[in-house]
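**Student:** Okay, sequence plus prediction incoming.
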Amino acid sequence: MDETRRVLAEGFCFLEGPRWHEGRLFVSDMHGDRVVAVDAAGQVEAVLDVPTRPSGLGWLPDGRLLVVSMVDRKLLRRDPDGLHVHADLSGIATYHCNDMVVDAQGRAYVGNFGFDWEVREAPTPAALALVYPNGRVVRAAEDLSFPNGTVITPDGRTLIVGESFGGCLTAFDIAADGTLSNRRVWAALEGASPDGICLDAEGCVWVASPLSSELLRVRPGGGFTHSIKFEHHVVACMLGGADRRTLFVLTAPSLTREACRAARGARIEVLEADVPGAGWP
């Protein structure tokens with residue numbers, strides 16, 4: 001794989017939740033309080049404002065956009081007449097909500113920090129929420145160490161979530177009703193702190209590791225096929241483009257809100273992957 005990268009777009013505060021949808025990359029400018037869409041030429045369009053910090057993105061089967069609202073711990077839905085609360089996650093999330101994956105049936109799996117890491121609170125295990133298309137919320141999994149980036153395999157039967165402070169990717173079986181079971185370590189990631197992830201057609205997972213400023217391609221069971229260093233923190237990644245071989249990488253020079261808003265140094269960088277993306281998102 002050619003590790004040459006280029007900057008597609010820049011000048012953002014802090015980008016999260018990249019999703020390739022209908023020919024464009026949708027991302028949450030988390031510390032800029034908005035969702036934007038970027039085309040293949042780098043043209044940026046503002047999609048909507050979310051003053052309570054947007055994060056994970058996804059779509060219902062009918063095409064309506066779902067957006068995680070971090071601070072108030074809600075999942076929002078964009079209807080033709082504007083934003084509405086799709087689900088209240090405050091009964092499960094013990095701190096800010098973050099990344100999300102939405103499956104083919106419109107079921108959303110949403111993680112949360114568990115604790116305030118910016119003020120160095122003691123780490124607290126967090127639960128993963130499952131939101132059904134009708135807005136019903138249940139606890140899908142517990143005792144996760146900062147559940148973050150999440151993917152679902154093409155057959156819809158396995159969910160993989162990165163535990164940022166657990167240094168691993170954790171897998172679950174997905175039942176017909178969306179519930180999770182058979183928890184196991186999919187891959188241990190020594191020295192890495194997984195954030196956003198995406199899956200490819202060979203069953204490997206691309207992992208953004210912000211604290212080590214690298215992008216990793218991880219085999220099932222563990223071991224890296226690629227380890228690519230970046231100048232800045234690597235926050236999330238997504239395989240998209242017409243053939244799903246364009247690897248979009250979100251980077252930022254800082255991780256704290258005020259520093260990010262002051263610097264506006266977040267970028268979307270692009271590499272070309274040998275293996276196309278697969279599954280959800």
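**Tutor:** On my side now, so go ahead.

**Student:** need the contact list for Gly203.
**Tutor:** Thr153, Pro220, Ala278 (C-beta atoms under 8 Å, 6 or more residues apart in numbering). C-beta coordinates here come from the backbone N, C-alpha and C atoms, glycine included.

**Student:** same deal with Leu250?
**Tutor:** Leu250 sits in contact with 15-16, 18, 27, 196, 208, 234-237, 266-269, where contact means C-beta under 8 Å, 6+ apart.

**Student:** Any idea what it is bridged to?
**Tutor:** Ala236, Ile268 (DSSP bridges).

**Student:** May I have the predicted confidence score for it?
**Tutor:** As predicted, Leu250 sits at a pLDDT of 98.

**Student:** ok so Ile160 is a strand residue?
**Tutor:** Yes - judged by DSSP: H, G, I helix; E, B strand; the rest coil, Ile160 forms part of a strand.

**Student:** Tell me the confidence at Val119?
**Tutor:** 67.

**Student:** no, scratch that, I was asking about Val7
**Tutor:** At Val7, pLDDT is 98.

**Student:** swap in Leu255?
**Tutor:** Value for Leu255, per-residue pLDDT: 87.

**Student:** One more: the one 10 residues further on?
**Tutor:** Gly265 is assigned a pLDDT of 97 by the prediction.

**Student:** do you know how far it is from Ser254?
**Tutor:** Distance, Gly265 to Ser254, by C-beta to C-beta, to the nearest Å: 7 Å.

**Student:** do Pro276 as well
**Tutor:** From Pro276 to Ser254 the distance is 32 Å (C-beta to C-beta).

**Student:** Confidence-wise, which helix or strand of this protein is lowest on average?
**Tutor:** helix 257-263 (a mean of 93; mean pLDDT, DSSP states H and E).

**Student:** Show me what that helix is packed against.
**Tutor:** Helices and strands touching helix 257-263, as assessed by 3 or more C-beta pairs under 8 Å, 6 or more residues apart in numbering; DSSP states H and E, are absent.

**Student:** ranges for the helices of the stretch 51-200 of the chain?
**Tutor:** Shown for the stretch 51-200 of the chain, no helices are assigned by DSSP state H, counting those that start in this stretch.

**Student:** low-scoring stretches of it, by residue?
**Tutor:** 117-119 (pLDDT under 70).

**Student:** Recalculate using a threshold of 90.
**Tutor:** 114-124, 190-191 (pLDDT under 90).

**Student:** circling back: so for Pro276 and Ser254, which sits in the more crowded spot?
**Tutor:** Neighbour count, other C-beta atoms under 10 Å: between Pro276 and Ser254, Ser254 has more, with 18 against 15.

**Student:** Show the contacting residues for the closest residue to that one other than its chain neighbours.
**Tutor:** Excluding the flanking residues, the one nearest Ser254 by C-beta to C-beta, 6 or more residues apart in numbering is Cys260, at 5.2 Å. Taking C-beta under 8 Å, 6+ apart, we find Cys260 in contact with Cys13, Phe14, His31, Ala252, Ser254, Ala266.

**Student:** from the residues you listed, which ones fall inside strands?
**Tutor:** Ala252, Ala266 (DSSP state E).

**Student:** sorry, back to before: ok, of the contacts of Leu250, which come out buried?
**Tutor:** 15-16, 18, 27, 196, 208, 234-237, 266-269 (16 or more other C-beta atoms under 10 Å).

**Student:** Go through those residues and say which is closest to Asp49.
**Tutor:** Val27 (14.2 Å; C-beta to C-beta).
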